[in-house]
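Participant: below are the sequence and a predicted model for it; my questions follow.
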Amino acid sequence: MSLAAEAFMSQMAAAEPWPENATLYQPLKEDQILLSDCASSLAVQAYLRMCGLPVQVFCRANAEYMSPSGKIPFIHVGNQVVSELGPIVQFTKAKGHSLSDGLDDVQRAEMKAYMELVNNMLLTAEISRPRYSSPYSWPLNKILAYQKQWEVRRKMNAIGWGGKTLEQVYEDVSQCCQALSQRLGTQSYFFNKQPTELDALVFGHLFTILTTRLTSTELAERVKSYSNLLSFCRRIEQTYFEDKSS
Amino acid sequence: MNQNMAAAMELRCWGGDWGLPSVHTESLIVLLLKAYTKFSGAKVAVSPIDWTWKTITVTVPELVCGDTAVQEPTQILNFLRKQRFNADYELTARQGADTMAYIALLEEKLQPALLHTFWVDAENYSNLTRPWFASRSPFPLNFFVPGRLASGALSRILLTTGEAPLHRISEVEGKIYSDAKECLNLLSYRLGTANFFFGNSPTSLDAFAFGFLAPLHKASLPSSPLQSHLRQLDNLTGFCDNILAVYFSSDHFCKIAAQAGPLPPVQETMDANLQKLTQLVNKESNLIEKMDDNLRSSPQHKPHRPEPKPSLSSAKSSTPA
């Protein structure tokens, strides 16, 4: 977005407080949602809960097409629609809710860097295990599934992951988890005692990997070997999602 | 050290120009890695692929050791580490984690804009990048090689930053440039006043940062807002120059640079004007930020922070239209 458009959106966002009927849209849980989309959606939900903002979650089959950027999840607040964690964080910041205000510049740089690392490694690892069936009837479900797979494969090739074996992908995920584990150390959250959007993002991805049933449990096993990450996930789940039945 | 292994390594990369040992980002990264593993006895012979048929057959950079060929800077880094030529062994675990994170940041935020500046921007591509790569490829490859690299760059940008068939390059341009400028600012904060990112000796993060920043800093691009933004960040430009002076001052690279001819003298006045312009633009963006802050602190908006904060004076508030 250009600078002027961003300023305009901030102005519009600052005009009204967070409404009670904010909604979050994501694809259907059982058969449609991809691993990466599930992780992104969970990350946004965690972030909103950390800010103390109420939001209702709706599952819709055509969530992808409703979203302004084509990516999920997206939130519908008042008369505005915002998608993806980055813009949503900016949107809530314009409304005056921010988790990362207490960080100085160097810490903010670190936070952004770690968020990119998570996006890079975990997101693409999740994509490389496609699981996309469809609630639509034949032949549309076949066509959409192939289309999605083809898109994902193109993206993989463009960023050079096309030639990677599954073993290498698992290795990359391990390294990423090791980096996160070392950064977390024995702290409760990644920065000081307060959660930030990085915590929400990491929780979203790790929780999804740990709890989704896949054809092989290798990915989950790798994550489980880092005990401080496990307890981190458990802690956030208990603190912010205690009313949700797991 | 395994002498047999050390003797047989060969690195293929693009050649140098503009005062750099190589103009290609990934090649630069690996060249710097090679430069400071010199001390541990790694004998790596550098063979530029300019003017050979390898320009179209080989993915660069490539490290050939005996029978195995390794590509991509991160793979080469891992390979060298397994051969026990490790530049990162002095880092703590936490710093190693930070390295991974910052490299991911560079690749996600800065690289699309760099690719765009060199390969997609019409003016830069037709005046600088394409002639350079065409002149370094043998006939008849000079017709194919630049085009192939350019379409690879374009598809990479579109697939990673936009939803491919729906968005076109013009729509993602604004986003990738603002992301890249933010990334440069973040790097600058992290570097501070130090010579390298971690202490006094270079590490793999320095190699990656140098690989991305140096072409942007040194190339004589006809139109680049990103380059002028980088020139404003003195500690980053100082970082590049420092590394060039310390690790790449050998005669070999000077000869290649001299062949290309001196930089045009009009660069100096252009820089001064650009500096003034960028200062103006920065002042404007500061104004917009202040506007944003004022809006957020306006009295009709109650901040929901955990600890109660007194609202700022309402004298500066403006009501939204």
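Facilitator: Sure thing, it's come through.

Participant: and the spatially most central residue of chain A, helix, strand or coil?
Facilitator: The centroid of chain A falls nearest to A:S40 when counting by Cα atoms, centre = their mean (2.0 Å). With DSSP: H, G, I helix; E, B strand; the rest coil as the basis, A:S40 sits in helix.

Participant: quick check, pLDDT for it.
Facilitator: On the pLDDT scale, A:S40 is placed at 84.

Participant: then B:P303?
Facilitator: pLDDT, read off for B:P303, is 46.

Participant: now swap in A:R235 and tell me
Facilitator: 87.

Participant: quick check: mean pLDDT of stretch B:175-195?
Facilitator: 86.

Participant: A:P73 is in contact with the residue nearest to the centre of chain A, correct?
Facilitator: Yes. At 6.1 Å, A:S40 and A:P73 qualify as touching, with contact defined as Cβ atoms under 8 Å. Just so you know, the C-beta spots here come from the backbone N, C-alpha and C atoms, and that holds for glycine as well.

Participant: any common contacting residues for those two?
Facilitator: A:E84 (Cβ atoms under 8 Å, 6 or more residues apart in numbering or on different chains).

Participant: before we move on, back to that, where's the residue nearest to the centre of chain A relative to chain B, distance?
Facilitator: According to Cβ to the nearest Cβ, to the nearest Å, A:S40 and chain B sit 14 Å apart.

Participant: now do the contacts for that residue.
Facilitator: A:K71, A:I72, A:P73, A:E84, A:L85, A:L123, A:G204.

Participant: contacting residues around the fifth one?
Facilitator: By Cβ under 8 Å, 6+ apart, the contact set of A:L85 is A:S40, A:A43, A:V44, A:Y47, A:E197, A:A200, A:L201.

Participant: go ahead and confirm A:E84 touches A:Q90.
Facilitator: No. Checked against Cβ under 8 Å, the pair A:E84 and A:Q90 is beyond contact range at 10.2 Å.

Participant: the more surrounded of these two?
Facilitator: A:E84 (19 against 16; other Cβ atoms under 10 Å in any protein chain shown).

Participant: quick check: closest non-adjacent residue to the more buried one.
Facilitator: Using Cβ to Cβ, 6 or more residues apart in numbering or on different chains and skipping the chain neighbours, the partner closest in space to A:E84 is A:K71 (5.2 Å).

Participant: got a list of what the one you found touches?
Facilitator: By Cβ under 8 Å, 6+ apart, the neighbours of A:K71 are A:S40, A:E64, A:S83, A:E84, B:E163.

Participant: show the pLDDT at it.
Facilitator: According to the predicted model, the pLDDT of A:K71 comes to 76.

Participant: for B:G238, same thing?
Facilitator: So B:G238 comes in at 90 (pLDDT).

Participant: and it, that's in a helix?
Facilitator: Yes. The assignment for B:G238, made by three-state DSSP, places it in a helix.

Participant: all strands for the chain, in order.
Facilitator: Reading this off chain A. A:23-26, A:56-59, A:74-77, A:80-83 (DSSP state E).

Participant: meant chain B actually
Facilitator: B:9-13, B:44-48, B:62-65, B:68-71.

Participant: how about the ones you listed in TSV, adding distance to chain A, mean pLDDT and mean neighbour count?
Facilitator: Output for the strands of chain B, formatted as TSV (distance: least, Cβ to the nearest Cβ, whole Å; pLDDT from 0 to 100; neighbours: other Cβ atoms under 10 Å in any protein chain shown):
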stretch	distance to chain A	mean pLDDT	mean neighbour count
strand B:9-13	17	73	21
strand B:44-48	22	73	17
strand B:62-65	14	73	20
strand B:68-71	9	73	14
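
Participant: in TSV: the ones you listed, plus distance to B:L28.
Facilitator: Formatted as TSV, the strands of chain B follow (distance: least, Cβ to Cβ, whole Å):
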stretch	distance to B:L28
strand B:9-13	8
strand B:44-48	12
strand B:62-65	14
strand B:68-71	15
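
Participant: out of those strands, which is closest to A:A179?
Facilitator: Proximity to A:A179 (Cβ to Cβ) singles out strand B:68-71 among the strands of chain B, at 22.1 Å.

Participant: in its sheet, which strands sit next to the closest one, and in what direction?
Facilitator: Strand pairing for strand B:68-71, determined by DSSP bridges: strand B:62-65 (antiparallel).

Participant: closest to B:K218 among the contacts of A:S40?
Facilitator: Of these, the one sitting nearest to B:K218 (Cβ to Cβ) turns out to be A:L123, at 33.5 Å.

Participant: which regions of chain A sit below the pLDDT cut-off?
Facilitator: Within chain A, the stretches with pLDDT under 70 are A:1-10, A:13-15, A:30-32, A:70, A:123-138, A:141, A:158-165, A:213-216, A:243-246.

Participant: pick the most buried one from the strands of chain A.
Facilitator: strand A:74-77 (a mean of 22; mean count of other Cβ atoms under 10 Å in any protein chain shown).

Participant: so what touches that strand?
Facilitator: A:18-19, A:22-25, A:44, A:48, A:55, A:63, A:66-68, A:81-84, A:88, A:91.

Participant: please identify the buried residues of stretch A:86-95?
Facilitator: For stretch A:86-95, a neighbour-count test (16 or more other Cβ atoms under 10 Å in any protein chain shown) marks A:P87, A:I88, A:V89, A:Q90, A:F91, A:T92, A:K93, A:A94, A:K95 as buried.

Participant: what is the nearest of these to chain B?
Facilitator: Top of the list for closeness to chain B, among the buried residues of stretch A:86-95 and by Cβ to the nearest Cβ, is A:A94 at 7.0 Å.

Participant: now the helices for chain A?
Facilitator: A:3-15, A:35-51, A:63-66, A:85-94, A:105-118, A:124-127, A:140-158, A:166-184, A:197-211, A:218-224, A:227-240 (DSSP state H).

Participant: B:L213: which of the ones you listed is closest?
Facilitator: helix A:105-118 (15.4 Å).

Participant: wait, does the closest one make contact with chain B?
Facilitator: Yes. Using Cβ under 8 Å from any Cβ of the partner chain, helix A:105-118 reaches chain B at A:D105, A:V106, A:R108, A:A109, A:E110, A:K112, A:A113, A:Y114, A:E116, A:L117.

Participant: likewise stretch A:205-225?
Facilitator: No. Using Cβ under 8 Å from any Cβ, stretch A:205-225 stays clear of chain B, coming no nearer than 13.7 Å.

Participant: which positions within that stretch qualify as buried?
Facilitator: With the criterion 16+ other Cβ under 10 Å, stretch A:205-225 contains buried residues A:H205, A:L206, A:F207, A:T208, A:I209, A:L210, A:T212, A:L219, A:A220, A:R222, A:V223.

Participant: so how far is that stretch from its chain's centroid?
Facilitator: 15 Å (Cα atoms, centre = their mean, to the nearest Å).

Participant: what of stretch A:102-116?
Facilitator: On Cα atoms, centre = their mean, the centre of stretch A:102-116 falls 18 Å from that of its chain.

Participant: residues making contact with it?
Facilitator: With Cβ under 8 Å, 6+ apart as the test, stretch A:102-116 has contacts from A:100, A:179-180, A:183, A:190-192, A:194, A:196-198, A:201-202, B:98, B:101-102, B:104-105, B:107-109, B:182, B:186-187, B:189-190, B:192.
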